[in-house]
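Trainee: Fold the following.
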Amino acid sequence: MSKTFLVTGVSTGLGLAIARRALAAGHRVAGTVRTEQHAAAFQALDAERARAFLLDLTDEDRIEPTVRAAEVALGPIEVLVANAGYGVEGTFEESPMADLRRQFEVNVFGTVATMKAVLPGMRERRGGHIFVITSMGGMTTFPGLSFYEGSKHAMEGITEGLAQEVAQFGVRVTAVAPGAFATDWAGRSLARAPRGIPDYDELFDPIRARRQALAGQGIGDPDRAGQAILTVLDAETAPVHLLLGSDALRLVAAGRQRVQDDIDTWQDLSLSTDSPKGGVTVSS
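Mentor: Sure, this is the predicted structure:
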């Protein structure tokens, strides 16, 4: 059955690939872009079922009207793919606070505002699916991406909490954590903080060089990511967390094991902080 999608950030990369797959499957797609040139290119994909809307996620006042305009053009939003975002790369100490604020304005505040704009309609209709494109960096960590990974960890937590609240309404929520895909994330979509502290050179210079070489060369196929989204959409049950890519599977598993190792090693100390008198726990 044909559905109405809203996909944020359809100029390039995963957003465009997901939108293309949805159109090919017969769905209607409203896509957000930031330039008239990208708007024209997106609408040229399908004169009837593709509509582009200019939107910068930092302009929170424009998000609600944009969603309403998309619904007027194509119908109630049944599937949201919250994809728009970017990365900040730099060591924690060298990265300016202004970079952190903008990173969260786009990746967290703008994304959450978009989710809030579509959710009431989904709840009232007792159905819908929200996909939030996070990152394997939202489930594990790598040097030089602490601001970016902080924003994606935030969205993983927000998404998981939301999923538990809205399941009763037939609304499904999935956090999609891609690994390295053949997109421009490590190129145009990655803001790099300037270097200035030599103490980090030995660790970070090779990492930055490798990321620069990664642009457009990731192991992941964006078109296959688009198909994966449609597979989950049509599935009888949907995951709350979905990893995409062999590297995401491998690296997130290793990161989770490091966390489990800490939990196991320090279990006795964790237990020692309970009151001997007992008390109320957060849940049963």
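Trainee: now the helices: where do they sit in this structure?
Mentor: 13-24, 36-43, 63-74, 97-104, 111-125, 146-166, 201-214, 222-234, 246-265, 267-272 (DSSP state H).
Trainee: residue contacts, the closest residue to residue 46 other than its chain neighbours?
Mentor: Counting by Cβ to Cβ, 6 or more residues apart in numbering, residue 46 lies nearest to residue 23, which is 5.2 Å off, once chain neighbours are set aside. In short, each C-beta sits where N, CA and C put it, glycine included. Residues in contact with residue 23 (Cβ atoms under 8 Å, 6 or more residues apart in numbering) are 29, 45, 46, 49, 50.
Trainee: Relative to residue 245, which of the residues you listed is nearest.
Mentor: Of all those, residue 245 sits closest to residue 29, with 23.5 Å by Cβ to Cβ.
Trainee: my guess is that closest one meets residue 49, correct?
Mentor: Yes: Residue 29 is in contact with residue 49 according to Cβ atoms under 8 Å; the separation is 6.5 Å.
Trainee: of the two, who's got more company?
Mentor: Higher neighbour count among residue 29 and residue 49: residue 29, with 27 against 18, using other Cβ atoms under 10 Å.
Trainee: Show the contacting residues for that one.
Mentor: By Cβ under 8 Å, 6+ apart, the contact list for residue 29 reads 4-7, 10, 19, 22-23, 46, 49-51, 74.
Trainee: hmm, try it at 10 Å
Mentor: Taking Cβ atoms under 10 Å, 6 or more residues apart in numbering, we find residue 29 in contact with 3-7, 10, 18-23, 42, 45-46, 49-52, 70, 74, 79, 81.
Trainee: what's the strand ranked longest in the chain packed up against?
Mentor: Counting residues, the longest strand found in the chain (DSSP state E) is strand 171-178. The helices and strands touching strand 171-178, judged by 3 or more Cβ pairs under 10 Å, 6 or more residues apart in numbering; DSSP states H and E, are helix 13-24, strand 79-82, helix 111-125, strand 128-133, helix 146-166, helix 222-234, strand 241-244, helix 246-265.
Trainee: Give the rounded mean pLDDT of that strand.
Mentor: Across strand 171-178, the average pLDDT comes to 98.
Trainee: before we move on, what about stretch 87-102?
Mentor: Rounded mean pLDDT across stretch 87-102 is 96.
Trainee: now swap in stretch 276-284 and tell me
Mentor: Averaging pLDDT along stretch 276-284 yields 83.
Trainee: re earlier: want to try CSV for the helices and strands packed on strand 171-178, with distance to residue 56 and mean pLDDT as columns?
Mentor: Converted to CSV, the helices and strands packed on strand 171-178 look like this (distance: least, Cβ to Cβ, whole Å; pLDDT from 0 to 100):
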stretch, distance to residue 56, mean pLDDT
helix 13-24, 14, 97
strand 79-82, 15, 98
helix 111-125, 12, 98
strand 128-133, 17, 98
helix 146-166, 16, 98
helix 222-234, 23, 97
strand 241-244, 26, 98
helix 246-265, 28, 97
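Trainee: what does stretch 254-264 rub up against?
Mentor: Residues from elsewhere that reach stretch 254-264 (Cβ under 10 Å, 6+ apart): 136, 137, 139, 140, 141, 142, 270.
Trainee: 8 Å instead?
Mentor: Contacts for stretch 254-264 (Cβ under 8 Å, 6+ apart): 139, 140, 141, 270.
Trainee: Just the buried residues of stretch 191-205, please?
Mentor: 191, 192, 193, 200, 204 (16 or more other Cβ atoms under 10 Å).
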